[in-house]
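Student: Build the 3D model from these lines:
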Amino acid sequence: MRKDPLHKCLFPVAGLGTRFLPATKDIPKEMLPLIDKPIIHYGVEEAVLSGCRDIVFVTGRSKRSIEDYFDRSTELEQLLEQRGQNELRDNLVRISEIANFAYVRQSEPLGLGHAVLCGEPCLNDSHFGLILPDDVILSEKPVLGQLAEVHSERGGSVLALEEVSWEETSRYGIVEGLELGNGLFRITDLVEKPLPGEAPGRLAIIGRYLLSGSIFRHLRSAGAGVNGEIQLTDALKGLLAEEPVFGLLYKGERLDCGTKVDWLRATVKMALRDPELKEFVLDIVRKEGCLGR
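Tutor: Numbering: from 1, shown residues only. All right, here's what the predicted structure looks like:
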């Protein structure tokens, strides 16, 4: 069975971010700050720590700031050097050097599956990582790296799983599978966003995938699915028929940044993990709580 080392990771970032309008009229949702780094930075760090050296962004209009962020800014670097802020300058330089970056355009909003298909020319036929940056996951071992360990032992494609409530199943792709132990499953079926009464279980696919290059063939043949979009879940169902697909209950804490409420919750949680910010945040909450009474 084919087992490829993980060197490439795809980031679909062409979405319009309508839940955050008007802020995202000009600023990509992925560039919204989570404390002192944009959301997208956390996903790229995870990919690099998992062994990826090539990062591919599938972008759309108004996403130029993502390219600028991962590029050099010589004027800013020179200014920081003149001010003696060399450590800060070096940190900025490292952002552009942590990986090789490539960008392709998704010309139409035709779904996650279509976005993945747009990245095919940069990924060849090897296995690759796929990270949906709305999910920032805090873990001792990067989640994509956890999937890579499963792939190195068993081959095939590997999806990150999380057990959700029955009420939440309509928000996710839900899998059925044979339990293999230690949180690992051999997936036998997938359903895209089933209603609670129709879901085969509560194992939800979270925004981390390690996929076989064969997925592109299935994406091309899948056609339009829910909402007229090309669904990655449909292509994965086709892949199941010819290759093993595993699911892993990952170890870590997921911070969903996909809505204003979730992003605010994630920001507070990250602040509470920072010794310099924790007391400041708690002090605000205490004072506002008193004002509220």
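Student: for this protein, what are the low-confidence residue spans?
Tutor: 1-2, 224-227, 289-293 (pLDDT under 70).
Student: Which stretches in it count as helices?
Tutor: With helices called from DSSP state H, the chain shows them at 39-49, 64-69, 74-82, 86-97, 112-118, 120-123, 143-154, 215-222, 232-240, 260-273, 275-292.
Student: Any chance of JSON lines for those helices, columns mean neighbour count?
Tutor: The C-beta positions use only the backbone N, C-alpha and C, and glycine is treated the same way. As requested, the helices of the chain are exported to JSON lines (neighbours: other C-beta atoms under 10 Å):
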{"stretch": "helix 39-49", "mean neighbour count": "21"}
{"stretch": "helix 64-69", "mean neighbour count": "15"}
{"stretch": "helix 74-82", "mean neighbour count": "12"}
{"stretch": "helix 86-97", "mean neighbour count": "13"}
{"stretch": "helix 112-118", "mean neighbour count": "24"}
{"stretch": "helix 120-123", "mean neighbour count": "18"}
{"stretch": "helix 143-154", "mean neighbour count": "20"}
{"stretch": "helix 215-222", "mean neighbour count": "20"}
{"stretch": "helix 232-240", "mean neighbour count": "22"}
{"stretch": "helix 260-273", "mean neighbour count": "15"}
{"stretch": "helix 275-292", "mean neighbour count": "10"}
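Student: how about those helices in a markdown table, adding distance to P196?
Tutor: Formatted as a markdown table, these follow (distance: least, C-beta to C-beta, whole Å):
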| stretch | distance to P196 |
| --- | --- |
| helix 39-49 | 29 |
| helix 64-69 | 36 |
| helix 74-82 | 50 |
| helix 86-97 | 42 |
| helix 112-118 | 22 |
| helix 120-123 | 35 |
| helix 143-154 | 26 |
| helix 215-222 | 26 |
| helix 232-240 | 18 |
| helix 260-273 | 20 |
| helix 275-292 | 34 |
